[in-house]
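[1] what follows is a protein structure lacking sequence information:
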């Protein structure tokens, strides 16, 4: 088994649509979109290339700590 890759050292994207910490992120749509969940109890779908907010999913009772595909 090969050794694990080192952590990335270059910032590729900044997520600023949440109010508070972003706890989880999932790249979707073959790298076109990102789903993020955070301390504000919201899940947001954003376009990675433009940064545009595509959808907002709210109503969660607690902070969003994970997203699965």
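    Sure, I can see it. Quantities reported herein were computed from a predicted structural model and do not represent experimental measurements.

[2] please count neighbours and contacts with C-alpha atoms only from this point.
    Noted.

[3] partner strands of the helix or strand harbouring residue 54, parallel or antiparallel?
    Per DSSP states H and E: residue 54 is located in strand 53-57. Strand pairing for strand 53-57, using DSSP bridges, gives strand 43-47 (antiparallel).

[4] what about the partner strand, average pLDDT?
    Averaging pLDDT along strand 43-47 gives 93.

[5] centre of the chain to it, how far?
    Relative to the chain's own centre, strand 43-47 is displaced by 7 Å; criterion: Cα atoms, centre = their mean, to the nearest Å.

[6] got the contact list for it?
    Strand 43-47 is contacted from outside by 17, 32-37, 52-58, 64, using Cα atoms under 8 Å, 6 or more residues apart in numbering.

[7] now, of those residues, which are buried?
    For these, a burial check counting by 16 or more other Cα atoms under 10 Å picks out 33-37, 64.

[8] closest to residue 9 out of the contacts of strand 43-47?
    residue 34 (19.8 Å; Cα to Cα).

[9] that closest one: which element?
    Secondary structure assignment for residue 34, by DSSP H and E: strand 33-38.
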